[in-house]
Each structure stands twice: as C-alpha cells, then as structure tokens.
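Asker: Generate coordinates for the sequence data below:
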Amino acid sequence: MVKQFSISAILIAFLAMSFAAISNWKIADNSAITFKLKSLAGSIDGSVGGLKGSIVFDPNTAKNSKMDVTFDLSTIRTGIDKRDNDLKKNEKWFDIAKYPLIAFKSNNIAKSKNGYIVDGTLTIKGISKDTQVPFAFSDADGNASFTGTLKINRLDFNLGQASPAVKDDVEVAINVPVKK
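Answerer: Take a look at the predicted model:
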C-alpha cells in the first residue's frame, strides 16, 4: 500500500512539473503579420496588427501547447490609404464590417527539424481552412518571440477574384513578440 502510494505521488509530481513548465505568454502590442502579394504592377506589401488571444507554449513539451489568436483587420496597412480602405470595406476583399478579424486556433503543435509546426484552423471572411504554420521560437530571459512564414491562396478565402494581373498566393510572415 505504501509502495503504491509512493508511485502515485511520484507520478502526480511528475505531471505537475511537466505542466508547470508550460508558460502563458503575453502578446506584445507590436505583434503583426506582414504580407506580400505579387501583381503585374509590382509587389503589394502590407501588415495587419491588433493581435489578441492566448498562447500557452513550452518548447520542451510542444504537444501540450496551444494558440488561439485573432488579428484586427481594421489595422491593415499597405502604404496607400485608398487601397487600404478598399481592402477593408469592399465585399470582394475583407469586408471588415462583416468580418472584422482573422482568427487562428491550433489543433496540434509539434517539434520539427527546423523548429516547430502548428496545425490549426485559419478563418478569414467566415471561411475556415486547416493550415500548417512552421515557426521558430526564441527566448532570452522571458523576452521571447514566435516567427514563421507561410503561403495562403487568397481565393480559398474569397479575397478578390482570379486575375492574371494579381497572383493567387500571398506570402505571409508572422512576428509575435511575447513576455511571460
């Protein structure tokens, strides 16, 4: 009986230690995604900020980690006000009156050869797609960041329309500074 109690106590202590290492990260206000869309007229570069949500992550036990975040599309910037307003208000683009946020919720996070991969659901304009995002994590005394890149097909989310003048793939870079 004492031996069984000791084994149970050790298991409980081990589980408590493994979950204690998982950190809740506070998202910095300057977190953003940047994007690049190629067109015949050149590259359209922009950013979206307003990141909110929760990130629970431990680099040693990534499988116990999770991310549930949103980006505020009212913060979209491309450097041209007229284009920004069109992207925000036009039904063919983001239509932020109806769809004000981009959302991402993780389903699984795992270590990879070059860092980590988060499998999750990306929702834009009410359309949800399974998405993989490779990312790196760096931590220096509680000042940490998540960085990653991915490509999405804008037509998968009803962003614009097919056109030989504008490429379908959008290159997205993620930079999320966080603190414990």
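Asker: in this structure, which spans are helices?
Answerer: 2-20, 81-89 (DSSP state H).
Asker: Could you check the pLDDT of the closest residue to Pro100 other than its chain neighbours?
Answerer: Distance criterion CB to CB, 6 or more residues apart in numbering; nearest residue to Pro100, sequence neighbours excluded, is Leu73 at 5.7 Å. To be clear about C-beta, it is placed using only N, CA and C from the backbone, and glycine gets the same treatment. Predicted confidence (pLDDT) for Leu73: 96.
Asker: what's the least confident stretch among the helices of the chain?
Answerer: Among the helices of the chain, helix 2-20 carries the lowest mean pLDDT (a mean of 43).
Asker: Next one: the residue nearest in space to the middle of the chain, what pLDDT does it get?
Answerer: Nearest residue to the geometric centre of the chain (CA atoms, centre = their mean): Phe104, 5.7 Å. Confidence at Phe104, expressed as pLDDT, is 97.
Asker: Distance of it relative to Gly79?
Answerer: Distance, Phe104 to Gly79, by CB to CB, to the nearest Å: 25 Å.
Asker: where does the chain have low pLDDT?
Answerer: By pLDDT under 70, the low-scoring segments of the chain are 1-22.
Asker: ranges for the strands of it?
Answerer: Secondary structure of the chain (DSSP state E): strands at 23-27, 32-39, 42-48, 52-57, 66-72, 101-112, 115-124, 127-140, 143-153, 166-179.
Asker: Show me what the third one is in contact with.
Answerer: Applying CB atoms under 8 Å, 6 or more residues apart in numbering, the contact partners of strand 42-48 are 32-38, 71-73, 75-79, 83-84, 87, 102.
Asker: if you set the cut-off to 7 Å instead, what comes out?
Answerer: Residues from elsewhere that reach strand 42-48, judged by CB atoms under 7 Å, 6 or more residues apart in numbering: 32-37, 71, 73, 75-78, 102.
Asker: from what I can see the residue nearest to the centre of the chain touches Ile124, true?
Answerer: No: using CB atoms under 7 Å as the test, Phe104 is too far from Ile124 to be in contact (9.6 Å).
Asker: So what pairs up with Ile152 in the strands?
Answerer: For Ile152, the beta-bridge partners under DSSP bridges are Val170.
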